[in-house]
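Undergrad: Output the structure for:
(chains A and B)
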Amino acid sequence: MSTYLRGIRTPHRKGTKKKPVLRMDVPATVTIPMSMHIGKPATPIVKVGDLVRVGTKIGEADGYISSPVFSSVSGKVVKLIEHRLITGAATTAVVIESDGEMAVDESIAPPVVNSKEDLVAAIKASGIVGLGGAGFPTFVKLDVDPARIDYLIINGAECEPYVTSDTVTMLTRADDMLYALRALRRHLGIQNVIVGVENNNRQGADAMAALGQMMDDLSIKVHSLPAIYPQGGEKVLIYHTTGRKVMNNQLPIDQGCVVLNCTTLAAIGAYLQTGMPLVEKCVSVDGGAVRLPRNVIAPIGASFQDLFDFCGGLTTEPAKMIYGGPMMGITVPDATAPILKNTNAILALTKKEARLPKTTACIRCGACVNTCPFGLEPATIAAAYDKKDIDALKDLQVLSCMECGCCSFVCPANRPLVQMNKLSKQLIRDEARKEGGNK
Amino acid sequence: MSSYSKVMISPHIHSGRSTARIMADVLIALIPATVAGMVIFGERSLFVILVCVLCSMGFEALFNLITKREQTVGDLSAAVTGLLLALNLNATTPLWQCAVGSLFAIIVVKCLFGGIGQNLVNPAIAARVFMVVAFTSLVQPAFPVDSVATATPLSAHEMPSFMDLFLGNYGGAIGETCSAALLLGGIYLLIRRVITWHIPAAFMGTVFLFSFFMEGFNAYEALTMVLAGGVLIGALFMATDYTTTPPTAGGKLVFGLGCGLITCLIRYFGVYPEGVSFAILFMNILTPYISRWTRRKTFTEGGKCL
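TA: Residues are numbered from 1 along each chain as shown, chains lettered A, B, ... in the order given. Take a look at the predicted model:
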């Protein structure tokens, strides 16, 4: 029997891995939303006409679970607009006209870190959030009793098709990661580091193994993961690297684990060395409609169009444009959407790539049931959702669904299964809110 | 270049698996048994097969047309039902009875319950049982064209040889006698991952063990009980129908075990010489309960989901 959770084999399509990484031209304007993280949006602290430089703070964190926002170019604030996030929520976005100089804010200096508190404060001030895609403020994960941490797990699994920006990090930013690991060891007492890399990413695994040899006072183990989607899911990664199960209502730290994406780790290292907050991001620009697919280092707030233009433009009108990979990524209606802190890829898919089969009747084949990494029964959940049976939905554990989409991917009838799971979760939450309101 | 592109929820790619492809695989897997049946029982069996398949597809198309439903005949499930029904009939079955059986399978068992995926029992099995009860033509098995009439192995004391069982040279339904052809098709379905091993293994295993015990611990006799009659076609093709069987591995094992047990009980203690159809039909009815009883603990509840 396999010792791994189930999943699917997706097409690989990681051609950008072999292409050189280029820093894109300075865009004419950037649009920087105040909400690029999980938690409360930042509060804008600039007004129209203000001059800003690279690294100038333009949004202040609001509350504990929040994150500050910085200008990614030098230039002038021209507009504060209401920006529609891809989640549908509205937030303020600061539009900055670039002067093309990319002059750095003079206040930028490496933070002084002498204790755990200093480190957490520095990471909070850096504006770093989970760069694997979740966008959860990173300092929150580290603001724990160091004695509770058994393992620091570096997420080098990049299971979505097309996306290679984390692999690029592993191949090119070992020094930043090393610096961050040293700081984490010193101030959080981290002893055991496990890097999870898929077994079809040989280069990434080799780079991480080399990193391990550079640290003689810290055990860094590279754990080879099966090339099965989804390996990057936090609970999946923890189970496969440590054998520990993060149960319902638990956080990774309850199982002694802190998981950081490899690019997040590199961003921490870069900030500790330079003091430059998170203002740029390596983004995989790919999809059949992109003329020259490659990884691009882009300032946060640059638009899809800016990146496509830098990659030779589009060869055909894209049928779909996506933030992230095709399994969990979110579509955007037009190419004005900005690069966010947690954007790891943008895709422009052709009609052919984006084509999905027709939805037909469920034949109860059980493919969804036998593919779900967490052992859920998506078809049964969908039936319960149709009846709006909240008790049954809770009983079926739909709240633990990580929305990886394996069920929809394998369904021979192309039923919208993960979509029904999402609706079911929302239904349960809405009901809980209603009940809370009645009390 | 227009400024808007399609916005929709993930995932944005699909495996490419389809119901029609799965059904086509089942049809492919049945080719050996179909050819073997025609060789063994002569060209009369070809007519039975043609009538069943064409009537099944025709009735489904007609039903969708009359009730103004989306046309589903292209998913090939009606063709599978028709072929399976034919392979479970005698080559001598009157063709009008084949048509009535197809009507029962498609209209009564499948369409009236909501079409593909909604039927409670396997349409081909239900139709066969209906025909066994309604028509006398199925009570006694038909015999190979070139052979002296021998009794069916399950109702006589004289068993056919192992080689005859393997090649299907004995009395029975068109598609059930040639073990070699059925096994070949079963292996194809396993390789194509259309079915898993659980139901066939549990079904055949139970029949073997039960018979082994009943035949005084004679392994040869027990093996004969597995190869003879409808166990192979039932275990590999009928009891593995998705809609009417449980989805999880545990549920499938329970289902297969139940099928094997009831088959043997009917064979050894019932009035009918063969019990495969009744066994599968009965277990079909229990499937919703088995599915519920065998639901797994999810990963975040501490379950093993490997």
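
Undergrad: The closest residue to chain B within chain A: neighbouring residues, count only.
TA: Using CB to the nearest CB, residue A:366 is the residue of chain A that sits closest to chain B, at 2.9 Å. C-beta coordinates here come from the backbone N, C-alpha and C atoms, glycine included. The number of residues packed near residue A:366 is 20, by other CB atoms under 10 Å in any protein chain shown.

Undergrad: you'd agree it is in a helix?
TA: No. Residue A:366 sits outside any helix when classified using DSSP: H, G, I helix; E, B strand; the rest coil, being coil.

Undergrad: Spatially, what comes nearest to it if we skip its sequence neighbours?
TA: In space, and not counting its chain neighbours, residue A:366 is closest to residue B:247: 2.9 Å by CB to CB, 6 or more residues apart in numbering or on different chains.

Undergrad: Quick one: classify the one you found as helix, strand or coil.
TA: Look at residue B:247: counting by three-state DSSP, its state is coil.

Undergrad: At the contact with chain A, which residues of the stretch 51-200 of chain B appear?
TA: Within the stretch 51-200 of chain B, the residues that sit near chain A (CB under 8 Å from any CB of the partner chain) are B:72, B:75, B:77, B:115-118.

Undergrad: Please repeat the previous calculation with a cut-off of 10 Å.
TA: B:70, B:72, B:74-75, B:77, B:114-119, B:193-196 (CB under 10 Å from any CB of the partner chain).

Undergrad: quick one: which of the residues you listed sit in helices?
TA: residue B:77 (DSSP state H).

Undergrad: Could you report the neighbour count for the residue nearest to residue A:366?
TA: Neighbours of residue B:247 using other CB under 10 Å come to 24.

Undergrad: That one touches residue A:375, doesn't it?
TA: No. Residue B:247 lies out of contact with residue A:375 (CB atoms under 10 Å); the separation is 11.3 Å.

Undergrad: hang on, the earlier thing: may I ask which two of the residues of the stretch 51-200 of chain B next to chain A are separated the most?
TA: Farthest apart among these by CB to CB are B:70 and B:196. That separation is 29.9 Å.

Undergrad: ok, the residue most central in space within chain A - contacts?
TA: For chain A, the residue nearest the mean C-alpha position is residue A:133 (1.0 Å; CA atoms, centre = their mean). Counting by CB atoms under 10 Å, 6 or more residues apart in numbering or on different chains, residue A:133 touches A:160, A:163, A:166, A:232, A:261, A:323-325, A:328-330, A:340, A:342-345.

Undergrad: what about the residue nearest to residue A:366, distance to residue B:72?
TA: Distance, residue B:247 to residue B:72, by CB to CB, to the nearest Å: 22 Å.

Undergrad: Please settle this for me: is residue A:297 part of a strand?
TA: Yes. Using three-state DSSP, the assignment for residue A:297 is a strand.

Undergrad: what residues are up against the residue in chain B that chain A sits nearest to?
TA: Residue nearest to chain A within chain B: residue B:247 (2.9 Å; CB to the nearest CB). The contact partners of residue B:247, by CB under 10 Å, 6+ apart, come to A:364-370, A:377, A:379-380, B:287, B:290-291, B:294-296.

Undergrad: Please enumerate the helices of the stretch 1-150 of chain B.
TA: B:19-41, B:44-66, B:77-87, B:95-103, B:123-134 (DSSP state H, counting those that start in this stretch).

Undergrad: want to throw those helices into CSV with mean pLDDT, distance to residue A:408 and mean neighbour count?
TA: Converted to CSV, those look like this (pLDDT from 0 to 100; distance: least, CB to CB, whole Å; neighbours: other CB atoms under 10 Å in any protein chain shown):
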stretch, mean pLDDT, distance to residue A:408, mean neighbour count
helix B:19-41, 96, 15, 21
helix B:44-66, 97, 26, 20
helix B:77-87, 97, 21, 28
helix B:95-103, 96, 34, 20
helix B:123-134, 94, 28, 23
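
Undergrad: Between the ones you listed, which one is closest to residue A:102.
TA: It is, among the helices of the stretch 1-150 of chain B and with distance given as CB to CB, helix B:19-41, at 53.6 Å.

Undergrad: mind listing the strands for the stretch 1-150 of chain A?
TA: A:22-23, A:29-33, A:43-44, A:51-52, A:57-60, A:69-70, A:75-84, A:90-98 (DSSP state E, counting those that start in this stretch).

Undergrad: Now tabulate those strands in CSV and tack on distance to chain B, mean neighbour count and mean pLDDT.
TA: Formatted as CSV, the strands of the stretch 1-150 of chain A follow (distance: least, CB to the nearest CB, whole Å; neighbours: other CB atoms under 10 Å in any protein chain shown; pLDDT from 0 to 100):
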stretch, distance to chain B, mean neighbour count, mean pLDDT
strand A:22-23, 24, 13, 94
strand A:29-33, 16, 24, 96
strand A:43-44, 27, 16, 95
strand A:51-52, 29, 18, 96
strand A:57-60, 27, 20, 95
strand A:69-70, 25, 28, 96
strand A:75-84, 12, 16, 94
strand A:90-98, 17, 20, 95
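
Undergrad: about what we covered before: of residue B:70 and residue B:196, who's got more company?
TA: Using other CB under 10 Å, the more surrounded residue of residue B:70 and residue B:196 is residue B:196, with 15 against 10.

Undergrad: can you give me the end-to-end distance of stretch A:91-110?
TA: One end of stretch A:91-110 to the other measures 31 Å (CA to CA, to the nearest Å).

Undergrad: do stretch B:101-116 as well
TA: Rule used - CA to CA; the end-to-end distance of stretch B:101-116 is 18 Å.

Undergrad: what's the answer for stretch B:115-127, then?
TA: End-to-end distance of stretch B:115-127 (CA to CA): 16 Å.

Undergrad: Over to residue A:382. Which of the three states is it?
TA: Under three-state DSSP, residue A:382 comes out as helix.

Undergrad: which SSE is the spatially closest residue to it that is not a sequence neighbour in?
TA: Spatial nearest neighbour of residue A:382, chain neighbours left out: residue A:420 (4.2 Å); criterion: CB to CB, 6+ apart. According to DSSP states H and E, residue A:420 maps onto helix A:417-438.

Undergrad: Quick one: list the elements packing against that helix.
TA: helix A:378-386, helix A:390-395, helix A:406-410 (3 or more CB pairs under 10 Å, 6 or more residues apart in numbering or on different chains; DSSP states H and E).

Undergrad: okay, those helices in TSV with mean pLDDT and mean neighbour count next?
TA: Shown next, in TSV, are the helices and strands packed on helix A:417-438 (pLDDT from 0 to 100; neighbours: other CB atoms under 10 Å in any protein chain shown):
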stretch	mean pLDDT	mean neighbour count
helix A:378-386	96	21
helix A:390-395	95	16
helix A:406-410	97	27
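
Undergrad: Make TSV out of the ones you listed and add distance to residue A:287.
TA: Compiled in TSV, those are given as follows (distance: least, CB to CB, whole Å):
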stretch	distance to residue A:287
helix A:378-386	27
helix A:390-395	35
helix A:406-410	18
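
Undergrad: which stretch among these comes nearest residue A:308?
TA: Taking CB to CB, helix A:406-410 is the member of the helices and strands packed on helix A:417-438 nearest to residue A:308, at 26.6 Å.

Undergrad: how about the closest one, does it reach chain B?
TA: Yes. Applying CB under 10 Å from any CB, one finds helix A:406-410 in contact with chain B at A:406-410.

Undergrad: Quick one: distance of stretch A:383-401 to the chain centre.
TA: Distance, stretch centre to chain centre, for stretch A:383-401: 27 Å (CA atoms, centre = their mean, to the nearest Å).

Undergrad: got the end-to-end distance for it?
TA: Per CA to CA, the first residue of stretch A:383-401 is 16 Å away from its last.

Undergrad: which other residues reach the helix or strand of chain B with the lowest mean pLDDT?
TA: None of the helices or strands of chain B scores lower by mean pLDDT, DSSP states H and E than helix B:162-167, at a mean of 85. Here helix B:162-167 makes contact (CB under 10 Å, 6+ apart) with B:36, B:39-40, B:144, B:147, B:150, B:153, B:159-161, B:169-170, B:177-181, B:183, B:220, B:223-224, B:226-229, B:232.
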